[in-house]
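Need a 3D model of the sequence below.
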Amino acid sequence: MRIIFMGNPKFAIPTLDTLNQSHHDLIGIVSNPPKPIGRGKQARSTAVGRFAKENSIYLIEVNSLSSNKLMKQIEVLNPDIFVVVAFKILPEKLLSLPKFGSINLHASLLPKYRGAGPIQWALMNGEKKTGVTIFQLKKEIDAGNILMQKEILIDPKDDMLSLGNRISQEGAQLIPIVLDNIEQGKVESITQDESGISRAPKITKSMSEINWDWSNIKIHNWVRGLNPYPGMYTYFKKRRIRIYKTLPLKGQTKTPGQVIEFSKNSITISTGHNLLQILELQIEGKKRMYFKNFINGIDIKPGDIFKK
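From the prediction side, this is the model:
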C-alpha cells in the first residue's frame, strides 16, 4: 500500500522505521516544521522530520493541517492510507482522503486513557498494566474502531521514558500486521465500549509541584509518570529541587515534607501517609545527580522541611 506517515516525536520512530523496511510503499511523511531549540536557538526538525531527511523520504513540514496547499500536496501523492503516531488532530476532510482512511497508534488499551498523556496517567494512577491500540481515526478523539491491541505489563521500576520505549516498540510490530489485514480485506474492527472510557488529559508544568500531604505511593507514582518531563519538583531552603527517582517506605509519619533521616545515598522524607526515600534529584541550574552528590553541596539535617 501507498502510505503517508504523520508524527513528531521519538516515540513514533520505531513504527516509522518498521514501515520503511516493510514491503509497503512509504511515499511521504508529514511532521511539524523545525523550531529553535537550545542556547543557540538553531532551528531543528522533529525526530520524525530528521528521520525523513536521513532516509531521503519526501517530507512535508507544516503547521496547519487545514491548508489547501497541504491537501493538494497529499492528493498528488495518491495515498492508500495514513499511519498516524503522536501527532495532531487531523481535520475531517484530511481523514477521508486516503482510500483506506487513517489508522493511529495509541499508547493505552482503549477506551482507557483517551487523550494526550496515556503513558503518564497510567503510571501516575499506579496501574499494573497498560498496552497499545491500533485503531481507525474518526472525528471524535481516540474513539474509532479498534483494529488490534496488545497488553503490556508495567514494571514497578518503569517511568514514562522506559514504559514509552516499550510501548512504541510493541506498537511498531503490530502496524504491519494491521496494514496487511486491511490490504487483504481481512480486517476485523471492534467498536469501543463507551462504559470503559477514562481520560488522559495533556500533561502541563503546573502539575509538577510535589504536594507532601499526598501519600508516599501517590508522590512516587507521579514522579515516575512525569520523569523525565516535566519532572516533579519541590523546594528546599528556597532552592528548587527536581525529583527523578524515589522509593516508598513504611514508617511513622511526621510533618509532611519533613526530613526523617539521610545517609550518603538517600534521604527519607515524611509524607501525608508513610515515608518516601529520594534517590536521584537535580538542583535548579545544575545537572541531575544521585543524592550522595547532592549532600556535598547543601546543608541538610533531620527535621528540615521540604516545602510544598
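
that's a helix at I27, yeah?
No: going by DSSP: H, G, I helix; E, B strand; the rest coil, the assignment for I27 is strand, not a helix.

so after the lengthiest strand in the chain, what's the next helix or strand?
In the chain, taking DSSP state E as the definition, the longest strand is strand 239-249. Following strand 239-249 in sequence order, the next helix or strand is strand 259-262 (DSSP states H and E).

Quick check: the gap between the nearest residue to G196 once chain neighbours are set aside and L26.
Counting by Cβ to Cβ, 6 or more residues apart in numbering, P111 is the residue found nearest to G196 once chain neighbours are left out, at 4.8 Å. Bear in mind the C-beta positions are built from the backbone N, C-alpha and C, glycine included. Using Cβ to Cβ, to the nearest Å, P111 is found at 30 Å from L26.

hmm, back to that, next up, the contacts around the residue nearest to G196.
Each residue near P111 by Cβ atoms under 8 Å, 6 or more residues apart in numbering is listed here: D142, A143, Q192, D193, E194, G196, I197, S198.

circling back: could I get the buried residue list for the longest strand of the chain?
I241, R242, I243, Y244, K245, T246, P248, L249 (16 or more other Cβ atoms under 10 Å).

contacts for it?
210, 216-217, 219-220, 223, 227-228, 231-235, 266, 268, 274-284, 288, 298, 306.

thought D159 was touching N227?
Yes: D159 lies in contact with N227 (Cβ atoms under 8 Å); the separation is 4.2 Å.

Show me what the longest strand of the chain pairs with in its sheet, parallel or antiparallel.
strand 232-236 (antiparallel), strand 275-283 (antiparallel) (DSSP bridges).

Using CSV, lay out the ones you listed together with mean neighbour count, mean pLDDT and distance to G101.
What follows is the strands paired with strand 239-249, written out as CSV (neighbours: other Cβ atoms under 10 Å; pLDDT from 0 to 100; distance: least, Cβ to Cβ, whole Å):
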stretch, mean neighbour count, mean pLDDT, distance to G101
strand 232-236, 20, 95, 40
strand 275-283, 21, 93, 45
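
Of those, which is nearest Q120?
strand 232-236 (11.4 Å; Cβ to Cβ).

quick one, strands of the stretch 51-200 of the chain?
59-61, 81-85, 102-106, 129-136, 146-153 (DSSP state E, counting those that start in this stretch).

Please render those as CSV that adds mean pLDDT to the earlier fields.
Listed next are these as CSV, based on pLDDT from 0 to 100:
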stretch, mean pLDDT
strand 59-61, 98
strand 81-85, 98
strand 102-106, 98
strand 129-136, 98
strand 146-153, 98
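
can you list those strands in CSV and add distance to P34?
What follows is the strands of the stretch 51-200 of the chain, written out as CSV (distance: least, Cβ to Cβ, whole Å):
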stretch, distance to P34
strand 59-61, 7
strand 81-85, 19
strand 102-106, 24
strand 129-136, 29
strand 146-153, 33
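
how about JSON lines for those strands, with distance to V259 and mean neighbour count added?
Putting the strands of the stretch 51-200 of the chain into JSON lines (distance: least, Cβ to Cβ, whole Å; neighbours: other Cβ atoms under 10 Å) gives the following:
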{"stretch": "strand 59-61", "distance to V259": "49", "mean neighbour count": "17"}
{"stretch": "strand 81-85", "distance to V259": "44", "mean neighbour count": "25"}
{"stretch": "strand 102-106", "distance to V259": "41", "mean neighbour count": "24"}
{"stretch": "strand 129-136", "distance to V259": "34", "mean neighbour count": "22"}
{"stretch": "strand 146-153", "distance to V259": "35", "mean neighbour count": "17"}
